[in-house]
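> only the shape, not the letters, is given here:
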């Protein structure tokens with residue numbers, strides 16, 4: 001399934017459930033939103049996206065607690081969870097996707113290698129699902145894999161929840 005096909009499937013599921021979607025992205029820089037908005041007619045479901053590349057933007061726009069950013073960092077399950085839930089508060093969306101990770105080629109460490117990405121999916125009043133991923137390849141490959149995994153996790157959340 002192509003990325004556009006996966007995005008179209010997700011949008012169809014959202015429409016069928018009467019839900020809207022928004023994204024909060026770091027390492028993908030808006031590519032998840034771009035995939036969703038590549039589908040004609042998406043404007044009835046897609047509210048928008050917020051690129052929060054810096055910790056300051058994660059805190060100010062999404063309400064990620066400074067303590068979380070200090071304790072575990074931006075590339076963490078806790079940060080992805082806070083980004084996803086903060087996104088719902090900020091936008092009123094029925095489904096939120098958050099992405100935070102290290103796309104490389106630099107910036108990785110032994111604990112947090114290049115390719116480590118956390119994806120969060122949240123629904124109002126529901127549980128936020130966060131999945132840890134370790135993708136390989138160059139920066140473009142890691143970002144593309146993150147988009148595909150984000151669409152898949154959001155689709156899975158709708159089908160199982």
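Nice, thanks for sending it over. Given the structure is predicted, the values throughout are model-derived calculations rather than measurements.
> and residue 131, that's in a strand?
Yes - Residue 131: assigned to a strand according to DSSP: H, G, I helix; E, B strand; the rest coil.
> that one reaches residue 153, doesn't it?
Yes - Residue 131 is within contact range of residue 153, at 5.6 Å (criterion: CB atoms under 8 Å). Bear in mind the C-beta positions are built from the backbone N, C-alpha and C, glycine included.
> joint contacts of those two?
residue 119 (CB atoms under 8 Å, 6 or more residues apart in numbering).
> with neighbour numbers in mind, choose between those two.
Legend: neighbour count by other CB atoms under 10 Å for residue 131 and residue 153, higher for residue 153 (19 against 16).
> for the more buried one, what are its contacts?
97, 119, 121, 129, 131.
> take these and write them to TSV, including distance to residue 49 and pLDDT.
Formatted as TSV, the contacts of residue 153 follow (distance: CB to CB, whole Å; pLDDT from 0 to 100):
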residue	distance to residue 49	pLDDT
97	9	98
119	14	99
121	14	98
129	19	97
131	19	98
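> let's verify the residue at the greatest distance from the centre of the chain: helix, strand, or coil?
The centre of the chain is farthest from one residue, residue 110, which by CA atoms, centre = their mean lies 23.6 Å away. Under three-state DSSP, the three-state class of residue 110 is coil.
> what do you get for residue 151?
helix.
> surely it meets residue 3?
Yes - contact criterion CB under 8 Å: residue 151 and residue 3 qualify, at 7.0 Å.
> of these two, who's got more company?
residue 151 (25 against 17).
> give me the nearest residue to that one, chain neighbours excluded.
Leaving aside its chain neighbours, residue 151 sits nearest to residue 6 (4.3 Å; criterion: CB to CB, 6 or more residues apart in numbering).
> what is the residue most central in space within the chain paired to in the beta sheet?
The structure's the chain has its C-alpha centroid closest to residue 98; by CA atoms, centre = their mean the separation is 2.5 Å. Note on residue 98: beta-bridge partners by DSSP bridges are residue 24, residue 120.
> I figured it hits residue 84, correct?
Yes - counting by CB under 8 Å, residue 98 does reach residue 84; the two are 4.0 Å apart.
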